[in-house]
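Q: Next input, structure requested:
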Amino acid sequence: INAEYMGRFGRERLTGMPIVSDDEDAPLPESSGRAADDRLADDDAAEVVPEAVLQFVGDLYKAVGQQDVQAIHGLYENTFNKITDAYYKSAKWPKWDLVAPHVNNDEVFMLLYKEIYYRHIYAKLTPSFQHRIESFRNYCRLFEAVVDRDKCQWDLPNQWIWDIVDEFVYQYQTYVQYRTKLRHQKGKEDEIEQVKANADVWDTGYMLKTLTTLVEKSEVVKALEKAGDQSVQLLEPGKDHLLHMLGYYASMGLLRLHVLFGDYHTALRAIEFVDFHTANKVFSKVIACHISLYYYVGFCFMMLRRYADATKLFIQVLTYVQQIKNIQTRSYQYGVIMKKNDQIFWLLQICLSLCPTRVDETLMAAMKDKVTVEQLNRLAHGDDSCYKEMFTWACPKFISPAMPNYDNPPTSVKPEALDLQRKLFLAEVKEQHVLPTVRSYLQLYSSITVGKLASFMQDEKTHTPVEEDTFRGYLLQLKHKTRQLTWQGGPVADGVTASVSDIDFYIDRNMVHVGPPYIQRPHRTLVEYFVQQIQMLEPVERMVNL
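A: Got it, this is the predicted structure:
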């Protein structure tokens, strides 16, 4: 990030955080200056603030000052939503200028109020360009305040901390989608000029740098290593709780960002310190975080052709959602949770069609309500259009991290980022087009000649039996595609290459011998036993040779 970029939004202080100008009244470009913001706020200034809002703001200010996390949680989760339903279903909350006198004009507290103020606009209304800029600036100052340990003398509940990071990434995503759509719309020259004049607003480099800095400055990795099996203690209010959890959730934000960019290896590396196997998982304490983490990690596995790992994660999180969905019916996030649940069901079915695995009957019964019989049949027959439809609906909304070239707009209006990822996925599906048929033939026999198996299969173009050499290639392809990187614990990006097929076979000259996979065999053969013993003794041999 060059000096020109850091000029207004990111002087590097000792904290290492890219920050905005200390001057609240620092001039913005003409398209987004304070005068424009004042014009937008004319209606807000004229309104009368309800007593319930003043009471809420006063109670929240008091709870933040006393670091009463439990009281903050109740106000944030319940009172805020009740007031929104009563007064602001289709209107903005009062401007901060109207409530600031009731909280001693506390600048740090106003950062929190502005955060929920703009988040409400994004959730219930349509944000203006000015709203996007002001929300971005507020997040800059909020993160600067948290990283500054001398200034940060307050704490927040885990749910709010997660929502801050999640909303930060979401608003960036919507801004990128907004500026990308401008390329395809006519008569938007003024808005395009606004985007160009504010190129550093919601900049991709800033997003990555900010989230990475939060992870580093929070020292959450060291804290987790020190806590060991008691890592859940990081969730408890106390010293550095806010900074630790902000850094922890920032790693989830990096995971999501890299998935949206289509960089799946880097996405998994962003959360390599997250422990999925401990009994008290840190991420499980916030339901939205738990589901989001499994969704994006599972999607990474699927795109990296690690279908067995993806299936395992999807099954775990769907089982979890089935257990809590009746409890969360009153939560304001219930709709979001259920939509993500439906997307995961579709991704699971895609993985099962590419890599069959046994699934619990209860979960399969629930899947029948999400995936139609017609879709199942189309997937079984390798219908590319069905894979395309299901992938398009269930995948993340991919974005391009680069600023669009408005001087040379594309001829096509298709989402370029989505189209690229979809093509890559469908290319992999096409390579496995014949494998379900080959697998179904092998399941019928314990031994059979290659020529006999080839005679069962017809060429799609000539409608004649495929050549023996061609079918032998299909068998080798099945072997290759069913050998995948499997996660054995530790960082999710690591794994061991192993066969994940529901059947095992080998070719001896012209004869195919079929048997159950190694993991399903009741007894190991003598060959397998001695191979394992040799592998165990290899480290000892190396030590002796040294």
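Q: I'd say Phe80 and Ile116 touch.
A: Yes. Here Phe80 reaches Ile116: they are 6.6 Å apart, a contact under CB atoms under 8 Å. Any C-beta I mention is one placed from the backbone N, CA and C, and that applies to glycine too.
Q: hmm, who's touching stretch 481-499?
A: The contact list for stretch 481-499 (CB atoms under 8 Å, 6 or more residues apart in numbering) reads 265, 268-269, 271-274, 276-277, 297, 300-301, 304-309, 312, 355, 431-432, 435, 479, 500-501, 517-518.
Q: Those residues in helices, which ones?
A: If you go by DSSP state H, the contacts of stretch 481-499 have 265, 268-269, 297, 300-301, 307-309, 312, 431, 435, 479 in helices.
Q: Quick check: the farthest pair among the residues you listed?
A: Using CB to CB, those span at most 30.3 Å, a distance reached by Arg269 and Leu435.
Q: More neighbours: the two, which one.
A: Remark: of Arg269 and Leu435, Leu435 carries more neighbours, 20 against 16, as counted by other CB atoms under 10 Å.
Q: Could I get the contacting residues of the more buried one?
A: Listed by CB under 8 Å, 6+ apart, the contact set of Leu435 reads 474, 477-478, 481.
Q: try it again with 6 Å
A: Leu478 (CB atoms under 6 Å, 6 or more residues apart in numbering).
Q: Can you tell me how far it is from Lys95?
A: 60 Å (CB to CB, to the nearest Å).
Q: just to revisit the earlier point, show me which of the ones in helices among the contacts of stretch 481-499 is closest to His244.
A: Of the ones in helices among the contacts of stretch 481-499, the one sitting nearest to His244 (CB to CB) turns out to be Arg269, at 20.3 Å.
Q: any idea what sits nearest that closest one, other than its immediate chain neighbours?
A: Ala493 (5.3 Å; CB to CB, 6 or more residues apart in numbering).
Q: Assumed that neighbour was part of a helix.
A: No. Judged by DSSP: H, G, I helix; E, B strand; the rest coil, Ala493 forms no part of a helix; its state is coil.
Q: how near is it to Val108?
A: For Ala493, the distance to Val108 - CB to CB - is 38 Å.
Q: Comparing these two, which residue is more hemmed in?
A: Set Ala493 next to Val108 and count neighbours by other CB under 10 Å: Ala493 wins out with 19 against 15.
Q: For that one, grab phi and psi.
A: phi -80, psi -20 (degrees, to the nearest 10).
Q: what bits of this structure have low per-residue confidence?
A: Residue ranges of the chain with pLDDT under 70: 1-47, 149-151, 228-235, 238, 279, 327-332, 410-414, 516-529, 546.
Q: quick check: longest helix of it.
A: Max-length helix for the chain by DSSP H is helix 158-181.
Q: ok, and what's touching it?
A: 76, 119, 132, 139, 195, 202, 207, 235, 245-246, 249-250, 253, 256, 285-286, 289, 399, 404.
Q: switch the cut-off to 7 Å
A: Here helix 158-181 makes contact (CB atoms under 7 Å, 6 or more residues apart in numbering) with 73, 76-77, 115, 119, 122, 132, 135, 139, 195, 202, 207, 235, 242, 245-246, 249-250, 252-253, 256-257, 260, 285-286, 288-289, 397, 399-400, 404.
Q: cool, and stretch 378-387?
A: 349-350, 353, 375, 426, 429-430, 433, 436.
Q: For the residues you listed, pick the one with the most neighbours.
A: Counting by other CB under 10 Å, top hit in the contacts of stretch 378-387: Ile350 with 25 neighbours.
Q: Where does that one fall, secondary structure wise?
A: helix 334-354 (DSSP states H and E).
Q: Which residues does that helix contact?
A: So helix 334-354 is contacted by 287-288, 291, 295, 298-299, 302, 307, 310-311, 314-315, 317-318, 321, 328, 359, 367, 370-371, 379-380, 387, 390-391, 393-394, 432 (CB under 7 Å, 6+ apart).
Q: got it, and stretch 319-329?
A: 287, 290-291, 334, 337, 341, 363, 366.
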